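what's the 3D shape of this:
(one chain, ligands or ions: 2)
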Amino acid sequence: MAYTGSYQAQVFADGGSPFPFTPKGLEEAARRDLPRRYFDYIAGGAGRERTVAANEAAFGRWGMTYRVLRDGAAADASTTVLGTPMSMPVMLAPAGVAELAHPEAEVAAARAAERAGAVQVLSAVTSASLEEVARAAPQGRRWFQFAWPDDEKLARSLIERAEAAGYGALVVMGDCHVAGWRTRELSSGFFPFQHAHGLGNYISDRRFWELAGFGSAPEDRDRLTPEMIEAAASTWNRVFTRPALLPADVALLRSWTRLPIVVKGVCRPDEAARLCAAGVDALIVSNHGGRQLDGGVAALDCLPPVATAVAGRVPVLFDSGVRTGTDVLIALALGADAVMIGRPWLYGLAVGGQAGVEHVLRSLREEFTGALALTGHRSCASLSAADIVAVAPPTDPGTPGKGATS
Ligand SMILES: Cc1cc2nc3c(=O)[nH]c(=O)nc-3n(C[C@H](O)[C@H](O)[C@H](O)COP(=O)(O)O)c2cc1C
Ligand SMILES: O=C(O)C(=O)c1ccccc1
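Ligands and ions are numbered 1, 2, ... in the order given. Below is the predicted model of the structure:
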């Protein structure tokens, strides 16, 4: 058994860890450490949060069998997606306003990801600008979330900045054409953007300041007056996203950038096929962690039909409900090339800043690598549906009928 150099070995040598090892323990520690309204913003979902619960429960309907008499030292979790190498098929999902979890927010997450060899997908709505994040972890690999602004010059400015700062792909936010019905936010009355949280990429943008009526972007963010902050928040509210984003826009985006285009939020096989035909470079099966549509099908149950429709034409990524290394293995066996985690890294950030996110990533890598070895694999590539067994029937996401496709 290979303990040397492992995270387990380090924890035992240290006589324990300040951070919890179970998903529930991590969530509870974050709940304890954060102001209630901040925790609720992060943990919450839409409506009665049935989809949030379904996302996690769906993994429990799959089991693995292990293979015996194998070389445990041979398992290697590393992989490459869209030309981006990663130490494991687990990425940090874009999550806005991480500053609610910890003041170092996405900068701490960038450093943790850099050290763990994981890819960070940076949200559009961060406290640090995309350039500051890139400078903070220069060896790290990251993609940029593209929340398509309702202003073409701002859209192109954000893309040019992401390209210049070395981001490796654009992840189009495809599932936020309306705000979700977030019951916890409504109950607490706390909406972070009203308090100018998460505007780092905007207040550093020349075009954004033109739109806000202030000429050019300020050199020094600390010198923003309260009036400027108010103007920024209301301008952001107006231009953050285009209400309509259509499949035909993929071609327009393609004409603006050389970066791979990834669409996040795909749940239906018919849409996946259409997006492949429209020329996207990868898809992310996701229901936004249950934050948008309550009662939506568990994201994991959408994965096999989407993977079948894509038929290997482009990589398929997955998020919503991934909590453990064995969850990662199940998602890969069901057709994902890699997964992303949302709340787990925010909880890690809440309880320990950079060290907390590192703990989450190292734990996932080690548990996943172990699961890879125990199921008899040396690498992610050989995982398939043959590695898992349905121990209860998945809910059926349905086969889309004629006329139900747009
Ligand atoms: C606090 C929070 C903020 C988020 N912000 C964004 C965002 O800015 N853009 C986006 O595409 N998804 C956002 N998401 C969704 C995540 O990218 C991801 O789809 C989701 O968290 C995955 O589910 P999980 O939390 O169960 O891992 C956010 C999620 C959370 C919890
Ligand atoms: O909180 C979210 O899930 C999210 O994606 C978001 C992003 C920007 C504005 C509002 C919500």
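
would you list every one of the strands in the stretch 301-406 of the chain?
In the stretch 301-406 of the chain, the strands defined using DSSP state E, counting those that start in this stretch lie at 316-318, 338-341, 388-390.

any chance of those in a markdown table, plus mean pLDDT and distance to residue 229?
Bear in mind the C-beta positions are built from the backbone N, C-alpha and C, glycine included. As requested, the strands of the stretch 301-406 of the chain are exported to a markdown table (pLDDT from 0 to 100; distance: least, CB to CB, whole Å):
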| stretch | mean pLDDT | distance to residue 229 |
| --- | --- | --- |
| strand 316-318 | 98 | 35 |
| strand 338-341 | 98 | 31 |
| strand 388-390 | 95 | 50 |
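
what's the distance between stretch 321-329 and the middle of its chain?
Centroid separation for stretch 321-329 versus its chain: 14 Å, with CA atoms, centre = their mean, to the nearest Å.

In TSV, list the strands of the stretch 301-406 of the chain along with distance to ligand 1 and mean neighbour count.
Formatted as TSV, the strands of the stretch 301-406 of the chain follow (distance: least, CB to the nearest ligand atom, whole Å; neighbours: other CB atoms under 10 Å):
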stretch	distance to ligand 1	mean neighbour count
strand 316-318	9	27
strand 338-341	5	27
strand 388-390	20	14
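
for those, which one sits closest to ligand 2?
Nearest of those to ligand 2, taken as CB to the nearest ligand atom: strand 338-341 at 12.9 Å.

ok, residues contacting that closest one?
Defining contact as CB atoms under 8 Å, 6 or more residues apart in numbering, one finds that strand 338-341 is touched by 79, 81, 86, 89-93, 121, 284, 286, 315, 317-319, 322-323, 327-328, 331-332, 360, 364.

Residue 58: what secondary structure?
helix (DSSP: H, G, I helix; E, B strand; the rest coil).

and the residue of the stretch 201-350 of the chain found nearest ligand 2, backbone torsions?
Nearest residue of the stretch 201-350 of the chain to ligand 2: residue 291, at 4.4 Å (CB to the nearest ligand atom). Residue 291 adopts backbone torsions of phi -90, psi -10, taken as degrees, to the nearest 10.

how much space between it and ligand 1?
Residue 291 is 6 Å from ligand 1, where distance means CB to the nearest ligand atom, to the nearest Å.

residues in contact with that residue?
Counted by CB under 8 Å, 6+ apart, residue 291 has contacts 44, 45, 46, 52, 180, 182.

tell me the phi and psi of the third one?
Translated: residue 46. Listed backbone geometry of residue 46 is phi -80, psi 150, with angles given as degrees, to the nearest 10.

list the buried ones in the worst-scoring helix or strand of the chain on mean pLDDT?
When the helices and strands of the chain are scored by mean pLDDT, DSSP states H and E, helix 226-239 comes last with a mean of 91. Judged by neighbour count using 16 or more other CB atoms under 10 Å, the buried positions of helix 226-239 are 228, 231, 232, 233, 235, 236, 239.

same question, stretch 44-55
44, 45, 46, 47, 49, 50, 51, 52, 54, 55.

Quick test: name the residue nearest the centre of this structure.
Most central in the chain under CA atoms, centre = their mean is residue 93, positioned 1.4 Å from the mean C-alpha point.

which residue sits closest to that residue, ignoring its sequence neighbours?
The shortest distance from residue 93 to any non-neighbouring residue, by CB to CB, 6 or more residues apart in numbering, is to residue 340 (3.7 Å).

Check the gap between residue 320 and ligand 1 for me.
4 Å.

State the number of residues packed around that residue.
34 (other CB atoms under 10 Å).
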